[in-house]
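>>> only the shape, not the letters, is given here:
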């Protein structure tokens with residue numbers, strides 16, 4: 001690849017570093033993922049919504 005002038009992209013070049021933000025009163029933090037639909041937080045834009053729950057091994061998304 002180097003002979004054609006192409007170099008592999010490094011992740012720090014592809015994904016810019018996010019600035020550190022302090023925890024504020026409006027920051028939500030949880031100790032564990034939502035295991036049931038009733039524990040999930042709704043996501044949406046006013047027209048379509050979703051509930052995301054489950055764990056790392058099995059994640060469920062309900063529209």
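Perfect, thanks for sending it. The model shown is predicted, which means the values in this text are computed figures rather than measured ones.

>>> ok, and for stretch 33-41, which residues are buried?
By neighbour count with 16 or more other Cβ atoms under 10 Å, stretch 33-41 contains the buried residues 34, 40. Where you see a C-beta, it was placed from the backbone N, CA and C, and this is true even at glycine.

>>> could you tell me the end-to-end distance of that stretch?
Using Cα to Cα, to the nearest Å, one end of stretch 33-41 lies 10 Å from the other.

>>> show residues contacting it.
28, 51-56, 60, 62 (Cβ atoms under 8 Å, 6 or more residues apart in numbering).

>>> residue 43 contacts residue 49, correct?
Yes. Under the criterion of Cβ atoms under 8 Å, residue 43 makes contact with residue 49 at 6.4 Å.

>>> which of the contacts of stretch 33-41 has the weakest pLDDT?
Scanning the contacts of stretch 33-41 for pLDDT, the smallest score is found at residue 28, 78.

>>> now it, nearest residue through space, not along the chain?
Distances taken as Cβ to Cβ, 6 or more residues apart in numbering place residue 41 nearest to residue 28, at 7.6 Å, with adjacent residues excluded.

>>> ok, for the residue sitting nearest the centre point of the chain, nearest residue in space, not its chain neighbours?
For the chain, the residue whose C-alpha lies nearest the mean C-alpha position (Cα atoms, centre = their mean) is residue 52; its distance is 11.0 Å. Closest residue to residue 52 apart from its sequence neighbours, by Cβ to Cβ, 6+ apart: residue 61 at 5.4 Å.
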